[in-house]
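Novice: This is a predicted model, with the sequence first.
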Amino acid sequence: MGKNKLYNTVRDQDMFGHPVTLNFNRQGDTHNTFIGGLVSMFIKLLIFGFLAYKSYVLVTLGDNDYFSNQRLTSFSEEPVIDMASQDIIPFF
């Protein structure tokens, strides 16, 4: 891939090209730049990476904060709690 072809490929990725209504040099109605192409490619790469990461998390059930914990309780070892002393008001 030649330098000119690489330059034009990156320049064609420019999402921020400014519209030119004169159609200068018959190269279209936008003025794309190499820097704009690099920034556009970087933004597209970030979006793709974020999408890939979120898809991976979705498929592998990662970041799952919901869990349950079970343990057997022997009520003979637990102290007796008096509802009146705890200011607990039952509601039906």
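Specialist: Noted; the coordinates are in hand.

Novice: which non-adjacent residue is nearest residue 41?
Specialist: In space, and not counting its chain neighbours, residue 41 is closest to residue 13: 5.0 Å by CB to CB, 6 or more residues apart in numbering. Bear in mind the C-beta positions are built from the backbone N, C-alpha and C, glycine included.

Novice: residue ranges of the strands in this structure, please?
Specialist: 18-19, 30-31 (DSSP state E).

Novice: can you tell me which of those strands the model trusts least?
Specialist: The minimum mean pLDDT among those belongs to strand 18-19 (a mean of 66).

Novice: centroid residue for this structure?
Specialist: Computing the C-alpha centroid of the chain and ranking residues by CA atoms, centre = their mean puts residue 50 first, at 4.2 Å.

Novice: Please report how far that one lies from residue 57.
Specialist: 11 Å (CB to CB, to the nearest Å).

Novice: residues making contact with stretch 72-85?
Specialist: Defining contact as CB atoms under 8 Å, 6 or more residues apart in numbering, one finds that stretch 72-85 is touched by residue 90.
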